[in-house]
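>>> sequence first, then the predicted structure, then my questions.
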Amino acid sequence: MKKVVLSLGIFLFAIFSVVAQQPATPAPPQNPQADNPNAPEIKFAKLVHDYGTVQKEGDGNCEFEFQNIGKEPLVLSDVRSSCGCTVPSWTREPILPGKKGAIKVKYDTKRVGPINKTITVVSNAKTSSIVLRIQGTVVDNGTGATPEKPQSPTTPTNK
């Protein structure tokens, strides 16, 4: 009986060892459009918008223009920012070949300090994910300072 159990154990060990040596099946490509010669292609006019120096509560709007340089309609499936202080809005309709679209970004300039945020664009293009960036600095030159309290009038003293 011991010989049967030992033989069965060796047999199972050999089988599992052989199976473990077999190469894994290759993972499917991340982007099925990558090999499609007619796939849409997205080309941005710029990938970084530099606000420079912006006043607190100033204009935090910018726009990223793009063009579909592929041969099939381009669809933006998701555009998301790295934080809640940056709100993107984008063209929801398919962009036909040769046509242009835009992603509008609104940055909340109530926060004083450096701006360094990303916007991730996901589409059906050959390059399915592209990262855009906004940068700059929000400054407060005293416009948000609270004014001094006016002094209360003093009553004249009688001497």
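Structure's in. What do you need?
>>> flag the shaky bits of this structure, pLDDT-wise.
Filtered on pLDDT under 70, the chain yields the residue ranges 8, 11-34, 142-159.
>>> how about the strands in it?
Secondary structure of the chain (DSSP state E): strands at 42-44, 48-55, 61-68, 76-81, 86-90, 100-107, 113-123, 129-139.
>>> off-centre distance for stretch 110-120?
In this view, stretch 110-120 has its centroid 12 Å away from the chain centroid, taken as C-alpha atoms, centre = their mean, to the nearest Å.
>>> nearest residue to residue 45 in space, please, no chain neighbours.
Excluding the flanking residues, the one nearest residue 45 by C-beta to C-beta, 6 or more residues apart in numbering is residue 65, at 4.6 Å. The way it works is simple: take the backbone N, C-alpha and C, and place the C-beta from them, glycine included.
>>> was I right about residue 109 contacting residue 62?
No: contact criterion C-beta atoms under 8 Å: residue 109 and residue 62 do not qualify, at 11.5 Å.
>>> tell me which of these two has more neighbours.
Under the criterion of other C-beta atoms under 10 Å, the comparison of residue 109 against residue 62 puts residue 109 first, with 21 against 17.
>>> now do the contacts for the more buried one.
Residues counted as contacts of residue 109 (C-beta atoms under 8 Å, 6 or more residues apart in numbering) are 54, 55, 56, 57, 58, 59, 60, 138.
>>> if I look at the fourth one, how far off is residue 85?
Computed as C-beta to C-beta, to the nearest Å, the residue 57 to residue 85 distance reads 13 Å.
>>> equivalent analysis for the second one, please.
As for residue 55, its distance to residue 85 is 16 Å (criterion: C-beta to C-beta).
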